[in-house]
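J.: Prediction below, plus the sequence it came from.
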Amino acid sequence: GEAFSAMYQSRVTQSDPDAIAYLVKHALSKPKPSHHLTVFRRHLARRFGSAAMAWRRILGNEAVVSFNRFRDVCGLMEWRENSVEFWQGIDCGYAGQVSLFELDPEAVVLLSRLY
């Protein structure tokens, strides 16, 4: 949560191997997501092309979002009833906010390599 947000906001680049190692370690050590969260992520990918594009189109330049904002966005997509389950699966560190990294860590790892 907070560690990634700081790295994200400072625009981590490919030249920072420690940041890339952190991203990879985090992505590989997370618990398996619930079935509903997997379906939600697939829905985002089908509707917007990817979870990263969904984040950008819906949230703009927001680096992190609170639960209330996340719940509102889920409601716009008619997934509000599952927003608590999604949040619990995404905010594993209980930071009280999530970033694109928590929603789709694989995409962030790939984007960081391109940036």
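T.: It's in. The shown structure was predicted, so the numbers you read here are calculated from the model rather than taken from an experiment. Residues are numbered from 1 along each chain as shown.

J.: Chain neighbours aside, what residue packs nearest to the most centrally placed residue in the chain?
T.: The C-alpha lying nearest the average C-alpha coordinate of the chain belongs to L103 (C-alpha atoms, centre = their mean; 2.2 Å). Nearest residue to L103 in three dimensions, chain neighbours excluded: A51, at 5.3 Å (C-beta to C-beta, 6 or more residues apart in numbering). Using the backbone N, CA and C atoms, a C-beta is placed for each residue, glycine as well.

J.: So the one you found sits against V98, correct?
T.: No: if you go by C-beta atoms under 8 Å, A51 and V98 don't touch, sitting 11.6 Å apart.

J.: Next, find the distance separating the residue nearest to the centre of the chain from I20.
T.: 19 Å (C-beta to C-beta, to the nearest Å).

J.: any idea of the pLDDT on S15?
T.: Predicted confidence (pLDDT) for S15: 56.

J.: before we move on, back to that, quick one, which of A51 and V98 is more surrounded?
T.: Neighbour count, other C-beta atoms under 10 Å: between A51 and V98, V98 has more, with 24 against 21.

J.: quick one: contacts for L100?
T.: 8, 51-52, 55, 107-108 (C-beta atoms under 8 Å, 6 or more residues apart in numbering).

J.: what two of these are the furthest from one another?
T.: Y8 and A51 (14.8 Å; C-beta to C-beta).

J.: Could you tell me which residues make contact with the residue lying closest to L59 once chain neighbours are set aside?
T.: Nearest non-adjacent residue to L59, counting by C-beta to C-beta, 6+ apart: V65, 6.2 Å away. Shown in contact with V65 (C-beta under 8 Å, 6+ apart): 59, 73, 97-99.

J.: gap between V65 and N82?
T.: Taking C-beta to C-beta, one finds V65 at 16 Å from N82.

J.: Over to D18?
T.: D18 is 36 Å from N82, by C-beta to C-beta.

J.: just to revisit the earlier point, can you add pLDDT and give the contacts of L100 back as JSON lines?
T.: Output for these, formatted as JSON lines (pLDDT from 0 to 100):
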{"residue": "Y8", "pLDDT": "52"}
{"residue": "A51", "pLDDT": "90"}
{"residue": "A52", "pLDDT": "91"}
{"residue": "W55", "pLDDT": "93"}
{"residue": "A107", "pLDDT": "85"}
{"residue": "V108", "pLDDT": "84"}
